[in-house]
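Student: coordinates only, sequence not included:
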DNA sequence: CTAGATATTGAGTGCGCCCTCAAGATATGC
DNA sequence: GCATATCTTGAGGGCGCACTCAATATCTAG
């Protein structure tokens, strides 16, 4: 959680101010927010921002993976608490969508818009792995069509993220996505209550 | 097709050079290509570009609707030549997708990325109207689920356009879209050969 | 208290693009 | 051929953002 010691006390304080400012701004504007905004929010000059955090990726990695990790942990628990493979997968999808819609920073993260923020990418990879696993389980249980792959799941979520961040998206996008998912279940499968 | 007379001959020639350069560059890079690229391609200075065409929207409108209109006309003919309402709609969808994938300029047009290019928007509106009509006919013939609306159709096409222009799109996007369409037909409906 | 190591600062530079305008070039009517 | 209305030109200004660095301020160990 803390910086590699050796920083002067004021510098240390600035790091913390920058981190919390970054969190605020990222959640409002997304991970591509101007770094100047973050410096201002932290009450610190742009030079200091660079001195303390080095790069946008550094700042993202210092701050977002923790939040994201928390959310994913809770999400995973809720997902695995469901009874059937289908219910699990449905839960996962709807929770992931909620996460993306809840906050531009989460959305940018899931869309992998900053591939050099390696810690963040790792966090995302974990959720991707969970998704793939749930798809496989659903296949094994015979509730999900075999031509709906893990890749397809990720594509669905990518589209949700993309559509939601674009204000020119036409009204029907959500229905399109929902229909695509709905069509992937097998006949023998029962929707969760 | 021509400028409102009164231009000196050299100026007139420049207009033409600019139009054809615009066509070339737009098809390669899309409608948001730097205007400087177009001036260079036309062998003319950036100042002249502004003198002759005024704005990006002016240039787009002077050049893209004609091409688009041609393509839409042919597309419409082919669509209406199909026998059944379902075949018509399927044809329309696949032709529209091909059009979007064929050329960044067409894609930007269909995505309505330049709402102030009014002539272009008009052309697009005509194809939208056709889409809505085909959806209605399919509803009337009982081959298309009533909860797949004209708006849904446009959302599908919007997603195709968006996914295809984003190189970070995951591999499965096309299948997601196809499944969404496939799921919209009613049981009584027969796919075209 | 002070020297010197450590931080902060913000004006400045760069980049890509949009758009303008004064100075110079060119066509055209007479 | 010449006068002049018409065009072209490209350097320059603006904008938003990333990123740097010499000058200045602040900590802290002794």
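Tutor: Sure, I can see it. All values derive from a computational prediction rather than experimental measurement.

Student: Make sure residue A:181 is indeed in a strand.
Tutor: No. Going by DSSP: H, G, I helix; E, B strand; the rest coil, the assignment for residue A:181 is helix, not a strand.

Student: Next up, the contacts around it.
Tutor: Listed by CB atoms under 8 Å, 6 or more residues apart in numbering or on different chains, the contact set of residue A:181 reads A:93, A:156. Glycine gets a C-beta too; all of them are placed from N, C-alpha and C.

Student: repeat for residue A:38
Tutor: Contacts of residue A:38 by CB under 8 Å, 6+ apart are A:18, A:21-22, A:25, A:49, A:59.

Student: try 7 Å
Tutor: A:18, A:21-22, A:25, A:49 (CB atoms under 7 Å, 6 or more residues apart in numbering or on different chains).

Student: Which one (most neighbours) among those residues?
Tutor: residue A:22 (27 neighbours; other CB atoms under 10 Å in any protein chain shown).

Student: Now that one: which helix or strand?
Tutor: Here residue A:22, judged by DSSP states H and E, is contained in helix A:9-29.

Student: Just want the residue of chain A that's nearest DNA strand C.
Tutor: Distances between chain A and DNA strand C by CB to the nearest atom of the strand are smallest at residue A:47, namely 2.0 Å.

Student: that older thread, I would like the residues contacting the helix holding residue A:22, please.
Tutor: Residues outside helix A:9-29 that contact it (CB under 7 Å, 6+ apart) are A:3, A:7, A:33, A:37-38, A:41-44, A:48-49, A:52-53, A:59, A:62-64, A:103-105.

Student: Drop anything exposed from those residues.
Tutor: Buried members of the contacts of helix A:9-29, counted by 16 or more other CB atoms under 10 Å in any protein chain shown: A:33, A:37-38, A:41-42, A:44, A:48-49, A:52-53, A:59, A:62-64, A:103-105.

Student: near DNA strand D, which residues of chain A?
Tutor: Proximity of chain A to DNA strand D, by CB under 7 Å from any atom of the strand, involves residues A:8-10, A:32, A:34-36, A:46-47, A:50, A:55-56.

Student: Could you rerun that using 6 Å?
Tutor: A:8-10, A:34-36, A:46-47, A:50, A:55-56 (CB under 6 Å from any atom of the strand).

Student: of all those residues, which two lie farthest apart?
Tutor: Greatest spacing in the residues of chain A next to DNA strand D, by CB to CB: A:9 and A:34 (28.3 Å).

Student: For stretch A:122-140, buried residues please.
Tutor: Using 16+ other CB under 10 Å as the test for burial, stretch A:122-140 gives A:123-124, A:127-128, A:130-131, A:134-135, A:137-139.

Student: Can you give the domain ranges for chain A?
Tutor: Segmentation of chain A into domains, based on automatic domain parsing, reads A:1-54, A:61-182.

Student: pLDDT on the shortest one, on average?
Tutor: Translated: domain A:1-54. For domain A:1-54, the mean per-residue pLDDT is 93.

Student: Equivalent analysis for stretch A:91-101, please.
Tutor: What stretch A:91-101 shows for mean pLDDT is 97.

Student: gap between that stretch and the chain center?
Tutor: Distance of stretch A:91-101 from the chain centroid (CA atoms, centre = their mean, to the nearest Å) equals 9 Å.

Student: what's next to that stretch, contact-wise?
Tutor: With CB under 7 Å, 6+ apart as the test, stretch A:91-101 has contacts from A:71, A:75, A:78-79, A:82, A:106-107, A:110, A:130-131, A:134, A:157, A:160-161, A:164, A:181.

Student: Restrict the residues you listed to those that also contact DNA strand C, please.
Tutor: With the criterion set as CB under 6 Å from any atom of the strand, no member of the contacts of stretch A:91-101 is near DNA strand C.

Student: Just the buried residues of those residues.
Tutor: Buried among the contacts of stretch A:91-101 (16+ other CB under 10 Å): A:71, A:75, A:79, A:82, A:106-107, A:110, A:130-131, A:134, A:157, A:160-161, A:164, A:181.

Student: From those, which land in helices?
Tutor: In this view, those that belong to helices under DSSP state H are A:71, A:75, A:79, A:106-107, A:110, A:130-131, A:134, A:157, A:160-161, A:164, A:181.

Student: wait, is residue A:32 part of a helix?
Tutor: No. Looking at residue A:32 with three-state DSSP, it is coil, so not inside a helix.

Student: Run through the residues that contact it.
Tutor: Residues near residue A:32 by CB under 7 Å, 6+ apart: A:108, A:113.

Student: that older thread, which of the residues in the helix holding residue A:22 are buried?
Tutor: Buried residues in helix A:9-29, defined by neighbour count with 16+ other CB under 10 Å: A:14-15, A:17-19, A:21-23, A:25-27.

Student: Can you tell me which residues in chain A are near DNA strand C?
Tutor: A:7-8, A:10-11, A:14, A:44-48, A:51-52.

Student: now do 10 Å
Tutor: For chain A, the residues in contact with DNA strand C under the definition CB under 10 Å from any atom of the strand are A:3, A:5-15, A:17-18, A:36, A:39-40, A:42-52.

Student: what's the nearest residue to residue A:41 if we skip its chain neighbours?
Tutor: Leaving aside its sequence neighbours, residue A:41 sits nearest to residue A:21 (CB to CB, 6 or more residues apart in numbering or on different chains; 3.8 Å).

Student: Likewise for residue A:111?
Tutor: residue A:161 (4.7 Å).

Student: I figured that neighbour was touching residue A:110, is that so?
Tutor: Yes. Residue A:161 is within contact range of residue A:110, at 5.6 Å (criterion: CB atoms under 7 Å).
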